Every structure is written in C-alpha cells, then in structure tokens.
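> sequence-free structure coming up:
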C-alpha cells in the first residue's frame, strides 16, 4: 500500500496528531516514515529587528536559531515514531516556503503519501494566503492525508 510516508512536523498539536496517524499507517504497511520539518529563511531586516528585541544571544543569526529549533523538532518526531514501533524513520530539515518545500521533498524521496496537520505553528500569513495543508494538496499529485 505505502512504501514511504512523508510526515510534515513542526511541533504543533496538529503535527503530532498527523505523526501518530503516519506511524499507525507505517505499522500497518511496513512503510518508512520520512519526517520533514521546514523553517522559513528570514531576511537580514527581519534578523536585525529580532536582535533589537533582545533576550537572546546577541551574535546568533536568526536562521541558525530556526535551524536548531527545526532540528530539535525533527529529532523529537523521529523519536516519537520510533517509540510507537516504526522501524524505519528518518528526519530532515529544510529551509524555504513550507508547502512547496514539502511537495518538492516528497517527490525527491518518492513518497507515496504526505501526512500533515490541518493547522500548525504557521504565521498569521496563513490566514490570508491559505494554510500549508491546503497549498500542499493543490501543488502535488501525491495523495495527501490532512489530520
């Protein structure tokens, strides 16, 4: 049925529910789960504004912080899937526009299914431009399961 399932994960409750469903399907079909966490690249202007707020390490680049948070989320998802009995799990992080990055990565990894939450940790931009899950369904021919 499924050989490779992409689970988009951002640490949100919706992503956690999607990961649980992906793990359930992987156990039923002996599929591999490929976890993907996507973070958005920040411009130098956004980075300089975030440094003005203070409270963080002054010499840390905002992209480095986002990369670390994403890496931690991906590793958390991998551990959670493994705890649920999934034998083959890998985790990746990518930078870019969420929906397009998910779709491109799923195609590169030859995934037969994309599983993601209906709402994640996205910005208010999602309310105006549409949710990531909606965009993913419109950009791919790969079956998408929205939880």
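Looks like it came in fine. Remember, predicted model here, so these are calculated numbers, not experimental data. Numbering: from 1, shown residues only.
> which residues sit against the biggest helix by length in the chain?
Using DSSP state H, we find that the single longest helix of the chain is helix 62-83. Applying C-beta atoms under 8 Å, 6 or more residues apart in numbering, the contact partners of helix 62-83 are 7, 9-11, 15-16, 19, 22-23, 26, 33, 35-42, 46-47, 50-51, 56, 89-93, 95. The C-beta positions use only the backbone N, C-alpha and C, and glycine is treated the same way.
> swap in stretch 101-109?
Stretch 101-109 has contacts (C-beta under 8 Å, 6+ apart) with 4, 6, 8, 34, 36, 38, 92, 94-95, 114, 116, 132, 136, 139-140, 142.
> Any idea how many residues pack against residue 73?
By other C-beta atoms under 10 Å, 21 other residues sit near residue 73.
> where does it sit relative to residue 29, distance-wise?
25 Å (C-beta to C-beta, to the nearest Å).
> Across the sheet, point out what pairs with the residue nearest to residue 41 when sequence neighbours are not counted.
Nearest residue to residue 41 in three dimensions, chain neighbours excluded: residue 95, at 4.9 Å (C-beta to C-beta, 6 or more residues apart in numbering). Residue 95 has these beta-bridge partners by DSSP bridges: residue 39.
> Quick check: pLDDT value at residue 95.
Model confidence at residue 95, given as pLDDT, is 95.
> pretty sure it contacts residue 37?
No. Here residue 95 does not reach residue 37: they are 10.2 Å apart, not a contact under C-beta atoms under 8 Å.
> who has more neighbours, the two?
Between residue 95 and residue 37, counting by other C-beta under 10 Å, residue 37 is the more crowded of the two (26 against 14).
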